[in-house]
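**Student:** sequence and predicted structure, then a few things I'm wondering about:
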Amino acid sequence: MSRLLVAGVVTATLATVAIETARAAPMQPLEEIEQAVRALADSRVGGDADSEIAIGRLDPRLRLPRCTQALATRFTHAARGNGSMSVEVRCEGAKPWSLYVPVTIARYADVVVAARPLARGHVITAADLAKARQRVDLARHDYLVEPASAIGQVTRRSLAGGQMLGTRQLERPHLVRRGEQVTLSIGNRAINVSVKGTALADGSAGERIRVRNLSSKRIVEGTVTEAGVVVVRGGAML
């Protein structure tokens, strides 16, 4: 009985030593994992003061062997520049491991917004606009940063107060309407001829539309230059 008791004590002691040794084995500090992830995210941002980085919280119970090499990191979707993504952190040392850490890179900018609700078809004035700092990496369309680029344009749809403005929400006002009578002008250095025609499409400044000559019934294509005026190329037949 005494020998069995001694053997049991020795076995228990060895097990305790093994557990304590395992507990004493160096663990990878979570702070170093976060630092590695932030360094990768910082390299993506490139010092942009308009970007903010948020790293997902690591489980404090996470216990990984201390890596004997510098931690390797990579974005799992390298093509994505902003928004929510994931970073793989790898240890390629004697005891390799890897884990994935969620990261959000948010980008902000001072953009043009509607100062108040605007109806569809509204002609934008300076009083309709304001500047606001908004997150833009999640924007589904482009955005304007200068109010002057929106003034004089027409809203394609109703806009809520504070809504970000982009080219998809706006269009240039039509100077010519389909079915309206317009002046067809053909000019060069030698001669300038003008006749009446019927617009076959709506047109804004600089757009090319088709027009039917009321006299010859010929259909020609020209460029809208001002309200009710369409200019065709020199040499074209009216």
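**Tutor:** That came in fine, so what should we check first? Bear in mind the structure is a predicted one, so any value in this text is a computation, not a measurement. Residues are numbered from 1 along each chain as shown.

**Student:** please count neighbours and contacts with C-alpha atoms only from this point.
**Tutor:** Will do.

**Student:** which residues of the chain fall in helices?
**Tutor:** Ranges of helices within the chain are 2-24, 30-45, based on DSSP state H.

**Student:** contacting residues for residue 172?
**Tutor:** By C-alpha atoms under 8 Å, 6 or more residues apart in numbering, residue 172 lies in contact with 152, 153, 154, 204, 205.

**Student:** chain neighbours aside, what residue packs nearest to the fourth one?
**Tutor:** Closest residue in space to residue 204, ignoring its immediate chain neighbours: residue 174 at 4.4 Å, by C-alpha to C-alpha, 6 or more residues apart in numbering.

**Student:** pretty sure residue 100 contacts residue 87?
**Tutor:** Yes: applying C-alpha atoms under 8 Å, one finds residue 100 in contact with residue 87, separated by 5.5 Å.

**Student:** the more surrounded of those two?
**Tutor:** For residue 100 and residue 87, the more surrounded residue by other C-alpha atoms under 10 Å is residue 87, and the numbers stand at 22 against 18.

**Student:** which pLDDT value goes with that one?
**Tutor:** Predicted confidence (pLDDT) for residue 87: 95.

**Student:** quick one: residues contacting it.
**Tutor:** Residues in contact with residue 87 (C-alpha under 8 Å, 6+ apart) are 37, 73, 74, 75, 76, 100, 101, 102, 103.

**Student:** sorry, back to before: distance of the residue nearest to residue 204 from residue 202?
**Tutor:** Noted for residue 174: a distance of 6 Å to residue 202, by C-alpha to C-alpha, to the nearest Å.

**Student:** you'd agree residue 55 is up against residue 38?
**Tutor:** Yes: at 7.4 Å, residue 55 counts as touching residue 38 under the criterion of C-alpha under 8 Å.

**Student:** helices and strands around the lengthiest strand in the chain, which ones?
**Tutor:** For the chain, the strand reaching the highest residue count under DSSP state E is reported as strand 97-114. Applying 3 or more C-alpha pairs under 8 Å, 6 or more residues apart in numbering; DSSP states H and E, one finds that strand 97-114 makes contact with helix 30-45, strand 51-55, strand 83-91, strand 129-135.

**Student:** recalculate using a threshold of 6 Å.
**Tutor:** Contacts defined by 3 or more C-alpha pairs under 6 Å, 6 or more residues apart in numbering; DSSP states H and E place strand 97-114 against strand 51-55, strand 83-91, strand 129-135.

**Student:** next, the angle from that strand to strand 83-91.
**Tutor:** 160 degrees (axes from the mean of the first three to the mean of the last three C-alpha atoms, to 10 degrees).

**Student:** contacting residues around strand 97-114?
**Tutor:** The set of residues that contact strand 97-114 without belonging to it, under C-alpha atoms under 6 Å, 6 or more residues apart in numbering, is 50-56, 82-91, 128-137, 144-145, 161-165.
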